[in-house]
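*Asks:* this one's structure only:
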Ligand code: NAD
């Protein structure tokens, strides 16, 4: 596999980029060059949007195919991706530090699962229904594809977060310009190769790796009909402002600062195991929904702090490509420095460091030792801002109402978990949480159910049948 690429996938062909600028990716655990791609510019975005526009506007094209024909093509794309799964999962782990086992599940398997799910969902979808109007005449209600989609994704799960957009969007009949994040561009080349191999019509999917300026240009491009974004809340606000001025539909999957509510009946010996690690520290803490605020009952506070510290302190930190590793490095030096800045902030604000807070003794790589702070007040910076690294804050609460109040006292509202032996109590607390998703005694996103955030965590939902609506326009025809 050649790690250096010279062309961009636009209009179904590998074309020479408009400029000689390049994006070079360093390995998260090696700090060495892994590969490089051309850096897309405004001119490349123009070409990609023109190709997507032409593909969408073709009267015999993708948008007008029978859903069953599109479904066949999406199954072929799933097949082509699955043939590349080993290379894709290795590349993602090498680039962003995600442990290889997780990469196999999330970056390897899930895109194919989503493609097949949405292909089958729309296969027999009539797209148009007739209902009795209230004025004595029938009304045709049609769902039509929205058009050209600009899909902009971050580096923490690049393949999955692309698939959460193109799988329902392509199934609906939209065409795409995908802009991956500079930290993880190498795997996007493999995705483009899979699109080519699957024989999707030219221009239906275009891939232009680029930085944020070219991304902002894409968002405001006059020929884009819809923006689908996953990334930070700060960038999401800017994108939403552009889309607001243009009245352009947008879905935003943004940051989080979710709470793990540990109820006072919990059996800590059972709760403090692999599902808790996944819920709080998935992807080395670089997961938007991670429950990083641990809310612990005062009556059992010390016990909870000890149990969390012993679990987190016992995790194996190391090479993400080694299957025994539980926590890999941060994706970049910048991200490592940012996380360390928050650890320093936690210390200076008077939180008690119980485990971690240092760099592990590994020669290379952007590592941060998994860290737990106790005696954290919910008003402190480490309890309010998204750290996006392996740093947990244990916050005491007095009773169930106080736990719910603290869980909801956040700018964000993406995920959350409840830990208890009492199912009914778990559901009761989950229903009171102001957040888009909640997990009971675990947190695993189920692709069949809508996923997304409230408040500063975003607008709209991905996954589930609901995601197709993001890519459709509804039209009523009054007879
Ligand atoms: P980021 O916002 O810096 O970048 C995300 C993507 O947007 C990149 O491709 C970047 O080049 C592009 N971008 C940045 N500013 C832009 C602009 N003004 N216009 C157009 N494109 C722009 O985020 P990041 O640091 O790459 O990713 C981490 C963030 O993503 C975290 O905040 C995390 O919570 C969030 N995230 C959210 C979800 C979710 O589903 N809610 C999932 C994963 C990550």
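*Replies:* Happy to help now that I have it. No experiment lies behind these values; they were computed from the predicted model shown.

*Asks:* Name the residues of this structure found near the ligand, please.
*Replies:* Residues of the chain found near the ligand (C-beta under 6 Å from any ligand atom) are 152-156, 161, 179, 181, 211-212, 215-216, 219, 230-232, 235, 238-239, 253-256, 288, 386, 388, 414, 453, 458. Glycine gets a C-beta too; all of them are placed from N, C-alpha and C.

*Asks:* Could you look up the SS state of the spatially most central residue of the chain?
*Replies:* Here the mean C-alpha position of the chain is nearest to the C-alpha of residue 161 (C-alpha atoms, centre = their mean), at a distance of 4.5 Å. Following DSSP: H, G, I helix; E, B strand; the rest coil, we place residue 161 in the helix state.

*Asks:* in what helix or strand does residue 176 lie?
*Replies:* Secondary structure assigned from DSSP states H and E places residue 176 in strand 175-179.

*Asks:* ok so, going back, hmm, which of the residues of the chain next to the ligand are the buried ones?
*Replies:* The neighbour count (16 or more other C-beta atoms under 10 Å) marks 152-156, 161, 179, 181, 215-216, 219, 230-231, 235, 239, 253-256, 288, 386, 388, 414, 453, 458 as buried among the residues of the chain next to the ligand.

*Asks:* In helices, which of these fall?
*Replies:* Those of those mapping onto helices are 161, 215, 216, 219, 235, 239, per DSSP state H.

*Asks:* Could you identify the most distant pair in these?
*Replies:* 161 and 216 (18.5 Å; C-beta to C-beta).

*Asks:* Mind giving me the packing neighbours of the strand holding residue 176?
*Replies:* Contact partners of strand 175-179 among helices and strands, from 3 or more C-beta pairs under 8 Å, 6 or more residues apart in numbering; DSSP states H and E: helix 42-57, strand 148-152, helix 158-172, strand 205-207, helix 212-219.

*Asks:* May I see those organised as a markdown table, with mean pLDDT and distance to residue 396 added?
*Replies:* Output for the helices and strands packed on strand 175-179, formatted as a markdown table (pLDDT from 0 to 100; distance: least, C-beta to C-beta, whole Å):
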| stretch | mean pLDDT | distance to residue 396 |
| --- | --- | --- |
| helix 42-57 | 98 | 50 |
| strand 148-152 | 99 | 39 |
| helix 158-172 | 98 | 35 |
| strand 205-207 | 99 | 48 |
| helix 212-219 | 98 | 39 |
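
*Asks:* Please name the nearest non-neighbouring residue to residue 115.
*Replies:* residue 78 (4.1 Å; C-beta to C-beta, 6 or more residues apart in numbering).

*Asks:* The one you found - that's part of a strand, no?
*Replies:* No: secondary structure of residue 78 (three-state DSSP): helix, not part of a strand.

*Asks:* Number of residues surrounding it?
*Replies:* Residue 78: 22 surrounding residues under other C-beta atoms under 10 Å.

*Asks:* In this structure it contacts residue 112, no?
*Replies:* Yes: at 4.0 Å, residue 78 counts as touching residue 112 under the criterion of C-beta atoms under 8 Å.

*Asks:* quick one: contacts for the nearest residue to residue 211 once chain neighbours are set aside?
*Replies:* Excluding its sequence neighbours, the residue lying closest to residue 211 (C-beta to C-beta, 6+ apart) is residue 182, at 5.5 Å. Listed by C-beta atoms under 8 Å, 6 or more residues apart in numbering, the contact set of residue 182 reads 23, 25, 39, 155, 209, 210, 211.

*Asks:* got the buried residues for the strand or helix carrying residue 307?
*Replies:* Here residue 307 sits within helix 301-313, counting by DSSP H and E. Within helix 301-313, the residues that count as buried by 16+ other C-beta under 10 Å are 301, 304, 305, 307, 308, 309, 311, 312.

*Asks:* Quick check on the residue of the chain positioned farthest from its centre: phi, psi?
*Replies:* In terms of distance from the mean C-alpha position of the chain, residue 136 ranks first, at 46.6 Å (C-alpha atoms, centre = their mean). When read as degrees, to the nearest 10, the backbone of residue 136 gives phi 90, psi 0.

*Asks:* The chain should start at 33 in everything you say after this.
*Replies:* Sure, I'll start numbering at 33, so the last one becomes residue 168.

*Asks:* how close does it sit to residue 511?
*Replies:* Distance from residue 168 to residue 511, counting by C-beta to C-beta, to the nearest Å: 10 Å.

*Asks:* For these two, list the residues in contact with both.
*Replies:* Here residue 168 and residue 511 have no joint contacts, going by C-beta under 8 Å, 6+ apart.

*Asks:* which residue ranges form the helices in the stretch 283-432 of the chain?
*Replies:* Ranges of helices within the stretch 283-432 of the chain are 300-303, 306-313, 333-345, 365-380, 413-416, 432-440, based on DSSP state H, counting those that start in this stretch.

*Asks:* Can you list the buried residues in the longest one?
*Replies:* Right, the one you point to is helix 365-380. Neighbour-count burial for helix 365-380 flags 367, 368, 371, 372, 374, 375, 378 (criterion: 16+ other C-beta under 10 Å).

*Asks:* didn't the second one look like it was pressed against residue 375?
*Replies:* No: when contacts are counted by C-beta under 8 Å, residue 368 is not listed as touching residue 375 (10.6 Å).

*Asks:* residue contacts, the closest residue to residue 97 other than its chain neighbours?
*Replies:* Residue nearest to residue 97 in three dimensions, not counting chain neighbours: residue 205, with 7.3 Å by C-beta to C-beta, 6+ apart. Contacts of residue 205 were listed using C-beta under 8 Å, 6+ apart, and they are 94, 95, 96, 97, 99, 102, 176, 177, 503.
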